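Engineer: here's my sequence, what's the structure:
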Amino acid sequence: MQLLFFFLIIIPSAILHEYAHGLAANSMGDPTARLAGRLTLNPLAHIDLYGTILMPLFLFLISQGSFVFAYAKPVPYNPYNLKNQQWGSALVGLAGPGANLLVALVFGMIVRVLPLGAFSGLLAIIVYANVLLAVFNLVPIPPLDGSKVLYAFLPPRYDNVKFFLERYGIILLFIFIFFFFEALRPVINWLFQLFVGGGTLPI
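Structural biologist: The predicted model follows:
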């Protein structure tokens, strides 16, 4: 039941994540997401057949219920429309994880201050799902948001690194998920306990 609730929570959390990207881009001069009808919280505009439905089910089955992850359809944006050409893409990239951390903070504070009994466990899952989304998306591998942050810091002489990551990003991402994801656990667990004030992990 906990994993099912996690699955139900991570989908709207991923949608909020993508909405935040579009909102940030629009505020910095790029109306692409708004003109495409993606600057909305309507889930129908963001659901991706593979990332939102099939991939989570696949991960659930091959991990025997120990790992589930989902993403929404990426919000389109044109980096050349951004007012800040050096840091604009990085700020758009950070907006998604930032929105997830804000959600985690809000629900973590609710868990801390309100005596909700068993219901606190469900709210803790919301915190955990959003922390997981934020931390995972900051990994600097395309198409994750961390790659946009990395590119902003890379000087032009390292463009070959960018080209390599763009070309093999999907392969590198799956390698990371299956062999190196556990390296993120300490960060995810630390942030979760920071937001909820300690306690055991919900899943």
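
Engineer: now the helices: where do they sit in the protein?
Structural biologist: Here the chain has its helices, by DSSP state H, at 2-27, 32-35, 55-62, 88-113, 119-137, 145-153, 159-179, 185-196.

Engineer: least reliable of the ones you listed by average pLDDT, please.
Structural biologist: Among the helices of the chain, helix 55-62 has the lowest mean pLDDT, at a mean of 78.

Engineer: how about the one residue sitting closest to the centre of the chain: what's its closest non-neighbour residue?
Structural biologist: Closest to where the C-alpha atoms of the chain average out (C-alpha atoms, centre = their mean) is residue 133, at 3.5 Å. Of all residues beyond its chain neighbours, the one nearest residue 133 is residue 100 (4.6 Å), with distances taken as C-beta to C-beta, 6 or more residues apart in numbering. From N, CA and C alone the C-beta is placed, and that goes for glycine too.

Engineer: what's the separation between that neighbour and residue 137?
Structural biologist: 8 Å (C-beta to C-beta, to the nearest Å).

Engineer: ok, now residue 183?
Structural biologist: 15 Å.

Engineer: looks like the residue nearest to the centre of the chain contacts residue 101 (just checking).
Structural biologist: No: using C-beta atoms under 8 Å as the test, residue 133 is too far from residue 101 to be in contact (9.1 Å).

Engineer: burial count for the residue nearest to residue 133?
Structural biologist: By the measure other C-beta atoms under 10 Å, the count of residues near residue 100 is 25.

Engineer: identify the residues contacting it.
Structural biologist: For residue 100, the contacting residues are 13, 16-17, 130-131, 133-134, 137, by C-beta atoms under 8 Å, 6 or more residues apart in numbering.

Engineer: so which of the residues you listed is the most crowded?
Structural biologist: That'd be residue 130 among the contacts of residue 100, by other C-beta under 10 Å, with 30 neighbours.

Engineer: which residues touch that one?
Structural biologist: 13, 100-101, 103-104, 107.

Engineer: check residue 84 too.
Structural biologist: Here residue 84 is in contact with 28, 91 (C-beta under 8 Å, 6+ apart).

Engineer: ok, back up a step: hey, what's in contact with both of residue 100 and residue 137?
Structural biologist: With C-beta under 8 Å, 6+ apart as the test, residue 100 and residue 137 both reach residue 17.

Engineer: right, I'll leave it there.
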